[in-house]
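> No letters, just coordinates:
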């Protein structure tokens with residue numbers, strides 16, 4: 001699947017698949033580990049907050065760090081540090097020395113590492129493939145992320161935890177170690193140019209990157225609409241488990257089934273994205289993805305039939321997969337290499353913030369107006385964004 005893009009890309013894809021598989025395993029197992037110590041809902045939810053909080057605290061600065069560093073070596077260093085954190089947790093679990101505080105520290109430390117690793121890793125692709133192959137290469141990377149984080153990792157994490165509490169964290173450490181070795185084996189072409197190794201402060205570099213992004217019409221719209229898309233998606237997904245049980249009247253296993261359907265839809269979108277972009281152009285693909293996502297949400301919000309809801313979920317996830325590939329490719333194509341870390345970290349920070357805000361507002365809207373409301377309220381927002389995106393991305397850069 002990756003050989004025709006070159007051996008270096010194959011190593012990058014394999015590292016991406018392994019690291020995301022480990023992330024999916026860990027993110028499922030950490031809350032399960034907390035539950036063995038406490039059933040306080042606030043403390044259980046806290047482990048998820050601890051893992052996501054670093055994006056809000058350090059996400060913007062991570063881009064400036066990435067633009068100053070050798071990105072290949074930075075990814076390797078971060079993965080090694082995360083392996084050390086996981087080995088510490090494995091030792092604590094094996095010796096029955098686990099505490100909620102230690103779990104929070106591991107989740108937070110891995111989260112800090114993700115802000116650097118994910119930002120740096122997303123900048124490794126452009127030098128490894130031809131510009132014409134970026135959309136195809138990004139599609140396969142996005143699919144590796146979806147498969148690891150959503151389709152394979154979570155159920156595997158739950159299964160391994162049931163076998164032995166140390167297993168998911170040991171597996172996560174192992175996948176990260178192999179991923180670090182694969183990244184280290186990439187060509188040594190990722191050091192910043194000497195002219196970029198200046199003595200300015202990180203915050204000055206960060207502000208400079210933000211100013212450049214705000215001055216670029218296409219990227220400004222692209223990043224903003226990505227945040228809006230994530231916001232609308234998170235708003236209904238935050239209460240989706242209740243939608244499945246109360247609106248669709250499905251048993252508990254139905255939620256897992258619907259999640260799998262969504263992941264498969266996302267994988268299909270990732271596979272099809274390159275062909276769609278080449279048929280319609282980037283503007284058509286991105287605007288079309290927003291319109292198709294609106295149609296998927298309409299199917300979810302206006303039915304009580306399980307087959308229709310499943311189809312709507314698959315359609316919406318397909319659109320999100322296409323959007324992710326096309327948007328990342330546009331960002332990599334339009335951004336100068338020396339700014340790619342900062343632009344990427346800004347986009348990811350906005351996405352994470354929008355995800356948290358969408359989940360919070362979605363819960364509030366559902367509590368006040370019912371479980372369908374967070375789904376239906378996103379439809380006009382997505383359609384308006386589709387028009388804006390089509391006009392902005394067809395115009396001059």
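Happy to help now that I have it. All values reported here derive from a predicted model rather than from experimental measurement.

> Check residue 369 and give its pLDDT.
As predicted, residue 369 sits at a pLDDT of 91.

> for residue 238, same thing?
79.

> same thing with residue 168?
For residue 168, pLDDT reads 93.

> With the one 5 residues further on instead?
The predicted local distance difference test score for residue 173 is 96.

> That one contacts residue 90, doesn't it?
Yes - Residue 173 is within contact range of residue 90, at 6.9 Å (criterion: C-beta atoms under 8 Å). No exception for glycine: its C-beta is placed from N, CA and C like everyone else's.

> more crowded one of the two?
More crowded of residue 173 and residue 90, by other C-beta atoms under 10 Å: residue 173, with 22 against 19.

> For the residue positioned nearest the centre of the chain, which three-state class applies?
The centre of the chain sits closest to residue 145, judged by C-alpha atoms, centre = their mean, with a distance of 7.5 Å. Following DSSP: H, G, I helix; E, B strand; the rest coil, the label given to residue 145 is helix.

> so it sits right up against residue 16, yeah?
Yes - in this structure, residue 145 is within contact of residue 16 by C-beta under 8 Å, at 6.6 Å.

> Now the element after the longest helix anywhere in the chain, going C-ward?
Taking DSSP state H as the criterion, the chain has its longest helix at helix 252-301. Later in the chain than helix 252-301, the nearest helix or strand by DSSP states H and E is helix 306-334.

> Show me which residues of the very next helix or strand once past that following helix are buried.
Per DSSP H and E, helix 306-334 leads on to helix 340-369 as the next helix or strand towards the C-terminus. Buried residues in helix 340-369, defined by neighbour count with 16 or more other C-beta atoms under 10 Å: 340-356, 358-359, 361-362, 365-366.

> so what does helix 340-369 touch, helix or strand wise?
In terms of contacts (3 or more C-beta pairs under 8 Å, 6 or more residues apart in numbering; DSSP states H and E), helix 340-369 is packed against helix 41-68, helix 100-122, helix 202-214, helix 217-237, helix 306-334, helix 373-376.

> next one: the shortest one to chain centre, how far?
Going by C-alpha atoms, centre = their mean, to the nearest Å, the spacing between the C-alpha centre of helix 373-376 and its chain's C-alpha centre is 23 Å.

> Mind giving me the packing neighbours of it?
With 3+ C-beta pairs under 8 Å, 6+ apart as the test, helix 373-376 has helix 217-237, helix 252-301, helix 340-369 packed against it.

> separation between the nearest residue to residue 311 once chain neighbours are set aside and residue 372?
Among residues not flanking residue 311 along the chain, residue 299 sits closest, at 6.2 Å (C-beta to C-beta, 6 or more residues apart in numbering). According to C-beta to C-beta, to the nearest Å, residue 299 and residue 372 sit 12 Å apart.

> try residue 278
Distance from residue 278 to residue 372, by C-beta to C-beta: 37 Å.

> ok, those two, which is more surrounded?
Here residue 278 and residue 372 are compared on neighbour count by other C-beta under 10 Å; more neighbours surround residue 372, at 19 against 13.

> close enough to count as contact, that one and residue 247?
Yes - Residue 372 is in contact with residue 247 according to C-beta under 8 Å; the separation is 7.1 Å.

> Quick check: chain neighbours aside, which residue is closest to residue 317?
Distances taken as C-beta to C-beta, 6+ apart put residue 265 closest to residue 317, at 3.3 Å, once the chain neighbours are dropped.

> Return the residues in contact with that neighbour.
For residue 265, the contact set (C-beta atoms under 8 Å, 6 or more residues apart in numbering) comprises 313, 314, 315, 316, 317, 318, 321.

> hmm, try it at 7 Å
Applying C-beta atoms under 7 Å, 6 or more residues apart in numbering to residue 265 gives the contacts 313, 314, 315, 317, 318.

> Tell me, how many residues neighbour the third one?
Residue 315 has 22 neighbouring residues, counting by other C-beta under 10 Å.

> That one against residue 292, yeah?
Yes - using C-beta atoms under 7 Å, residue 315 makes contact with residue 292 at a distance of 6.2 Å.

> So what are the structural domains in this structure, by residue number?
As recorded under automatic domain parsing, the domains making up the chain are 1-185, 200-397.

> In JSON lines, list those along with distance to residue 191.
Putting those into JSON lines (distance: least, C-beta to C-beta, whole Å) gives the following:
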{"stretch": "domain 1-185", "distance to residue 191": "4"}
{"stretch": "domain 200-397", "distance to residue 191": "11"}
